[in-house]
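1. Sharing a sequence plus its predicted fold:
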Amino acid sequence: MNINLTMLGQLISFVMFVVFCMKFVWPYIGEAMRERQKLIATGLDNAVAAEMKLEAASASAATELDDAKKQAAELIVQARNRASQIVEDAKGQGREEADRIIHGAQAEIDQEISRAREELRARVGELAIEGAEKILENTINQAEHSEMLNRLSAQL
Amino acid sequence: MAGDTLTSAEYIQHHLTNLTYGRFEDGHWGFAHGADDLTEMGFWAINVDTMFWSLFLGFLFLGIFATAARKVTTGVPGTLQNCCEIAVEFVDDNIAQVFGNRPNPIIGPLSLTILIWVFLMNLMDLVPVDFIPHAAQLAGIPYFKVVATTDPNATLGMSLGVFVLVIYYNLKIKGPIKFGASLVTHPIPHWSMYWFNFILEFVDMIAKPLSHGLRLFGNLYAGEMIFILIALLPFYAQWALSLPWAIFHILIICLQAFVFMILTIVYLTQAHETGEH
């Protein structure tokens, strides 16, 4: 092994290479790596934040859904009550109406009956007169009279 | 595979010799042919193959990473950017663990350069030992060592660079007075023993870059040596040893690149630590 000028040559080229590396290699690659690290770090942070937001959103969605369900249930109960009330009311009204109609009809019937009676009563005299006329026109015939009288009474 | 004209010793020697261009004693410059020329040249010589491979691989490293850096995106990264980011992040993590979060513009790129550059230079060790040297020989180049980190000049050159930085930060962070004081007041804090402390601390200080560079060199040199020895076997038997050794060596080349980087970070951390003794 001989120590000679090569050592100095090596020293010089070593310095040259290090300086070149310092100027044109190290800063760029290092900077890019740090930059990417930052990018990844922010990306991860954002992901965590987004996850938290999603959690909050789904929680609020769940409460809102619960509220909506409760409200809906209340509405249904109210509607049911109202419906049964309406049915009850309608039933009541129907019954009243029916009663009214029945009463009306009954009154009309009664009226009709009494009017018929009145009419009949008014005509009894007429009939009697008519019967007497017929008796007087014809010979007294027991059989004929009785038949006529029967007819008369049947008319009543 | 020993050539017909080479003995085993010559073959090994050949594979361990750098292609060296240097100044002969009479003043002219030229390529060395053999050990005698190398001794004659001494310090005033340069290992062309080491320089070639280290520069080539250094530019390869920077080319790949600069391409990735130019097209860098903060969105979904492509394959190239992904690979580069894995390396950068690995380096960053190690720095964060050892060095902490002190602001320092140089330790990151320094560690990345060391890790990838040393790894690439080590990686050349997995190219079968004869491929490139033999091709070079056919092209008329007598010696051609492929693995730059098996040349102590390469590893010590790098550790020297780190050492300079360590001294610089010692002076910058601690100040000349505190740094000087730390060299003489430790481990025996008495004025009469300052000279002794200085010897200890000085040896300690010098040993760091030496061991730093030589550790990498030694590991890779030894690994290369084993490959060369395996290559001396008959061609039909070589795979039985070279395959397991190459697989094991994948671990070594990664590990040694990592160790060189970690030691750099550790030394720089020590240079930044104040008042902890």
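-> Great, that's in hand.
2. How about the contacts made by B:D49?
-> Each residue near B:D49 by Cβ atoms under 8 Å, 6 or more residues apart in numbering or on different chains is listed here: B:N18, B:L19, B:Y143, B:F144, B:K145, B:V146, B:A148. Every C-beta, even on glycine, is put in place using the N, C-alpha and C of the backbone.
3. Give me the phi and psi angles of the third one.
-> Recorded main-chain torsions at B:Y143 are phi -130, psi 150, according to degrees, to the nearest 10.
4. hang on, it packs against B:N18?
-> Yes: with contact taken as Cβ atoms under 8 Å, B:Y143 and B:N18 are classed as touching, separated by 6.2 Å.
5. And those two? Which one has more around it.
-> When B:Y143 and B:N18 are compared for neighbours, B:N18 comes out ahead with 25 against 21, by other Cβ atoms under 10 Å in any protein chain shown.
6. Unless I misread the structure, the more buried one falls within a helix.
-> No: counting by DSSP: H, G, I helix; E, B strand; the rest coil, B:N18 is not part of a helix but coil.
7. Could you give the backbone dihedrals for the closest residue to it other than its chain neighbours?
-> With Cβ to Cβ, 6 or more residues apart in numbering or on different chains as the measure, B:N47 is the residue that lies nearest to B:N18, at 4.0 Å, once sequence neighbours are left out. The phi and psi torsions at B:N47 (degrees, to the nearest 10) take the values phi -80, psi 100.
8. Of all residues in chain A, which one is closest to chain B?
-> In chain A, no residue comes nearer to chain B than A:Q10, which is 2.8 Å away by Cβ to the nearest Cβ.
9. Next, count neighbours for that residue.
-> Other residues near A:Q10 come to 29 when the count uses other Cβ under 10 Å.
10. That one and B:S54 touch, don't they?
-> Yes: the pair A:Q10 and B:S54 qualifies as a contact (Cβ under 8 Å) at a distance of 6.3 Å.
11. Please identify every residue contacting each of these two.
-> Both A:Q10 and B:S54 are in contact with B:A154, where contact means Cβ under 8 Å, 6+ apart.
12. Who are the contact partners of B:D92?
-> The contact partners of B:D92, taken as Cβ under 8 Å, 6+ apart, are A:G30, B:G108.
13. Now B:L268. Nearest residue, chain neighbours left out?
-> Residue nearest to B:L268 in three dimensions, not counting chain neighbours: B:I107, with 5.6 Å by Cβ to Cβ, 6+ apart.
14. what residues are up against that neighbour?
-> By Cβ under 8 Å, 6+ apart, B:I107 lies in contact with B:I95, B:F99, B:I265, B:L268.
15. let's go with 10 Å and repeat that
-> B:I107 is in contact with A:M22, B:V91, B:I95, B:V98, B:F99, B:L165, B:Y169, B:T264, B:I265, B:L268, B:T269, B:H272, counting by Cβ atoms under 10 Å, 6 or more residues apart in numbering or on different chains.
16. measure it to B:D92 for me?
-> Distance of B:I107 to B:D92, given as Cβ to Cβ, to the nearest Å: 10 Å.
17. And B:D151, by the same measure?
-> 30 Å.
18. Ok, B:L55 next?
-> 27 Å.
19. Most neighbours among the contacts of B:D49, please name it.
-> Neighbours here are counted as other Cβ under 10 Å. On that basis the top member of those is B:A148, with 32 neighbours.
20. Helix, strand, or coil at B:G22?
-> Classification of B:G22 by three-state DSSP places it in strand.
21. Could I get the contacting residues of the closest residue in space to it that isn't next to it in sequence?
-> In this structure, B:G22 finds its nearest non-sequential neighbour in B:A45, 2.5 Å apart by Cβ to Cβ, 6+ apart. With contact taken as Cβ under 10 Å, 6+ apart, B:A45 is in contact with A:2-6, B:18, B:20-24, B:29, B:31-32, B:37-38, B:153.
22. which non-adjacent residue is nearest the residue of chain B found nearest chain A?
-> When distances are taken as Cβ to the nearest Cβ, chain B reaches nearest to chain A at B:G157, 2.8 Å away. With sequence-adjacent residues excluded and distances taken as Cβ to Cβ, 6+ apart, B:G157 is closest to A:Q10, at 2.8 Å.
23. For the one helix or strand the one you found maps to, what does the pLDDT average out to?
-> Using DSSP states H and E, the secondary-structure element containing A:Q10 is helix A:5-20. With pLDDT averaged residue by residue, helix A:5-20 scores 90.
24. Just the angle for whichever helix in chain A runs longest relative to helix A:5-20, thanks.
-> When chain A is scanned for its longest helix (criterion: DSSP state H), the result is helix A:26-137. On the basis of axes from the mean of the first three to the mean of the last three Cα atoms, to 10 degrees, helix A:26-137 is oriented at 30 degrees to helix A:5-20.
25. Now do helix A:26-137: which elements does it pack against?
-> helix A:142-155, helix B:48-70, helix B:79-98, helix B:107-123 (3 or more Cβ pairs under 10 Å, 6 or more residues apart in numbering or on different chains; DSSP states H and E).
26. Switch the ones you listed over to JSON lines; also include distance to A:A132 and mean pLDDT.
-> Formatted as JSON lines, those follow (distance: least, Cβ to Cβ, whole Å; pLDDT from 0 to 100):
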{"stretch": "helix A:142-155", "distance to A:A132": "10", "mean pLDDT": "72"}
{"stretch": "helix B:48-70", "distance to A:A132": "149", "mean pLDDT": "89"}
{"stretch": "helix B:79-98", "distance to A:A132": "144", "mean pLDDT": "90"}
{"stretch": "helix B:107-123", "distance to A:A132": "155", "mean pLDDT": "92"}
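27. Adding distance to B:L200, write these out as a markdown table.
-> As requested, the helices and strands packed on helix A:26-137 are arranged in a markdown table below (distance: least, Cβ to Cβ, whole Å):
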| stretch | distance to B:L200 |
| --- | --- |
| helix A:142-155 | 168 |
| helix B:48-70 | 34 |
| helix B:79-98 | 25 |
| helix B:107-123 | 27 |
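28. closest to A:E51 out of the ones you listed?
-> Distance to A:E51, taken as Cβ to Cβ, is lowest for helix B:79-98 among the helices and strands packed on helix A:26-137, at 28.9 Å.
29. got the angle for the closest one vs helix B:48-70?
-> Counting by the same axes, to 10 degrees, helix B:79-98 points 100 degrees away from the direction of helix B:48-70.
30. Same question for helix B:79-98: list its buried residues.
-> B:Q81, B:C84, B:E85, B:A87, B:V88, B:V91, B:D92, B:N94, B:I95 (16 or more other Cβ atoms under 10 Å in any protein chain shown).
31. Good, we can wrap up now.
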